[in-house]
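# Make a model of this:
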Amino acid sequence: MSFLDSLRSVFKSQKKLDVEARFERLRSSVSGTMGDVSVVRDRTDGRIVALKLCDPEKFALFEARFKGQGKPTEGQIALEMDHPRVMKTYEAGMTTKGQHYLIMEFIEGPGLQQLVQKRAEDQLRGKRLMLIRQMAEAIEYVHAQGYIHRDVCPRNFICLPGITGLKLIDFGLTVPAKGVFMQPGNRTGTPLYMAPEIVRRRVTDQRVDVFAFGVTAYCVTTFEFPWPSGDTTGRAALQHDTAEAVDILQYRPDLNPILARAIMGCMEPEVSKRTPSMSTFLQQIRSLGPDDSP
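Numbers count the residues shown, from 1 in each chain. Predicted coordinates for the structure are as follows:
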């Protein structure tokens, strides 16, 4: 029996979770792509954890796209992940109310999206290279496990206290990097970070994450989008292969040129010209050290 088959058998046999009986809610919910996340105390051991309750309608609609294709659920994918740059998932299953749930580690730190929106220069100064490298390492690991994250953006990275590092979260839109899951039509993700091949409903692969990572690194470095727009819908993402991205050095002329080229290379609209993998990106910036951090 494979590891994935073992996980599925656990899901089938697992007792359904009574959320109210087991957890004390400490903080109100924060909405994510596929559900709400709360900070709770586990009454069984006193541990503080993050509890995600998936929206049944969103979950059903997304999973229906891959009916009969053997796609693992978000919980099954998250339980496979074991890496210091990826949020740890302890348990996943079904609640007594029919919702899929995940119990995850709680990180007492700000979201990367929060820092970008606040233009938190004082908190990010001198730490960006470290954070960008760790983002790349997280995505590289997910790809090595045979998946496409499909929703790489600042919202899906949580920083550790003191901005000493970060972790990738949220596998709600993640799919295996296999042909059946990379066909045209799966137009999901966060629009301003979408690769053109998603927007244009073309065949996709792990390079959609490379593109989204490039946009994320650009935003973290400049507090701006490569394609300035007041529109945050899929319509704005149509610019990604019709308008040239603003060179990152226009916003940050002090940026190390090696890092600048590496970030811009991830955002190439034409897939064949784009940085081919996160491993390649990490090789491109391997010579950079703390003194090169913007």
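# can you give me the strands for the stretch 151-294 of the chain?
Along the stretch 151-294 of the chain, the segments classed as strands by DSSP state E, counting those that start in this stretch run 157-159, 166-168, 175-176.
# Can you add mean pLDDT, distance to M267 and mean neighbour count and give those strands back as TSV?
Where you see a C-beta, it was placed from the backbone N, CA and C, and this is true even at glycine. Listed next are these as TSV, based on pLDDT from 0 to 100; distance: least, C-beta to C-beta, whole Å; neighbours: other C-beta atoms under 10 Å:
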stretch	mean pLDDT	distance to M267	mean neighbour count
strand 157-159	97	18	23
strand 166-168	97	19	23
strand 175-176	96	22	21
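# Dump the ones you listed to a markdown table, plus distance to W227.
Putting the strands of the stretch 151-294 of the chain into a markdown table (distance: least, C-beta to C-beta, whole Å) gives the following:
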| stretch | distance to W227 |
| --- | --- |
| strand 157-159 | 21 |
| strand 166-168 | 24 |
| strand 175-176 | 26 |
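# Could you list the low-pLDDT ranges of the protein?
1-14, 29, 31-33, 230-234 (pLDDT under 70).
# Could you list the domains of it?
In terms of domains, the chain is parsed into 3-105, 112-292 (source: automatic domain parsing).
# The last one spans what distance, first to last residue?
Going back to what we said before, that points to domain 112-292. One end of domain 112-292 sits 20 Å from the other (C-alpha to C-alpha, to the nearest Å).
# From A138, how far out is T44?
Distance of T44 to A138, given as C-beta to C-beta, to the nearest Å: 30 Å.
# These two: who's more crowded?
The neighbour comparison of T44 against A138 (other C-beta atoms under 10 Å) goes to A138, with 26 against 8.
# From the contact counts, what lies against the host helix or strand of the more buried one?
According to DSSP states H and E, A138 maps onto helix 128-144. Here helix 128-144 touches strand 157-159, strand 166-168, helix 207-222, helix 257-266, helix 278-284, going by 3 or more C-beta pairs under 8 Å, 6 or more residues apart in numbering; DSSP states H and E.
# returning to that earlier point: among the domains of the chain, which is the most enclosed?
domain 112-292 (a mean of 18; mean count of other C-beta atoms under 10 Å).
# which residues touch H143?
Shown in contact with H143 (C-beta atoms under 8 Å, 6 or more residues apart in numbering): 177, 206, 209, 277-278.
# what do you get for Q145?
With C-beta under 8 Å, 6+ apart, Q145 has these contacts: 80-81.
# again, but for A236
By C-beta under 8 Å, 6+ apart, A236 lies in contact with 191-192, 227, 229.
# Same list, those residues, but as JSON lines with distance to P257 please.
JSON lines is the format used below for the contacts of A236 (distance: C-beta to C-beta, whole Å):
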{"residue": "P191", "distance to P257": "30"}
{"residue": "L192", "distance to P257": "25"}
{"residue": "W227", "distance to P257": "22"}
{"residue": "S229", "distance to P257": "27"}
